[in-house]
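# Quick one, structure for this:
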Amino acid sequence: MPELLPVLSQEEIQEKVARLGQQISADYKDEQLVLIGVLKGAFVFMADLVRYISLPVEIDFITASSYGHCDHSSGDVRVQDDLGIDIKDKHVLIVEDILDTGLTIQRLIACLACRQPRSIRVCACIDKTERRQTDLRPDYWCHRAEQGFLVGYGLDYAEQYRQLPAIYHLQFSASEGKK
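Below is the predicted model of the structure:
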């Protein structure tokens, strides 16, 4: 059984999300903002974040994945669902659980840019740099991590651990290995 090593407590996450919501509210004051959550991982973070944004927002979700049931990106980014909101001439904030390789966000930005939004920015709960394959950096983030496979607070490993209220480093023993 893998070991869970604490990275961020539930209280630390809420403090960081509250500050982030306040910053986004200030930056987009008097603007039309659309939050686009990347499913499945961002649903917990986005639900909390939207409660701390003090301006009207439109919300939609898109499904994109490059991990499947592995602990590393396949490099093949699949966008599976489309938006139900017209984003033309609106400010778009993509809300992601973790910015890791950057491949998923890079693909999503390219897809959304064709719809002529006024701007596209990225908000990630975790900005993890260990395996970054692009020059992308999130415009907003709660926590920066250098390395480790993180789970909890929406982050998963093979569809497990999303329900944990805090964020942990999933540590495998040498005998377990990883998929």
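
# which residues are contacting the strand or helix carrying residue 120?
If you go by DSSP states H and E, residue 120 is part of strand 119-128. Under the criterion C-beta atoms under 8 Å, 6 or more residues apart in numbering, residues 13, 17, 20, 24, 42, 45, 49, 91-100, 105, 109, 112-113, 136-148, 150, 153-155, 167 lie in contact with strand 119-128. C-beta coordinates here come from the backbone N, C-alpha and C atoms, glycine included.

# following it, which helix or strand comes up?
The element immediately downstream of strand 119-128 (helix or strand, assigned by DSSP H and E) is strand 140-145.

# So the spatially closest residue to residue 130 that is not a sequence neighbour, which state does it fall into?
Nearest residue to residue 130, sequence neighbours excluded (C-beta to C-beta, 6 or more residues apart in numbering): residue 147, at 4.1 Å. State at residue 147, reduced to three classes by DSSP: H, G, I helix; E, B strand; the rest coil: coil.

# thinking residue 147 is in contact with residue 171, fair?
No - in this structure residue 147 lies outside contact range of residue 171 using C-beta atoms under 8 Å: 11.6 Å.

# Understood, closing this out.
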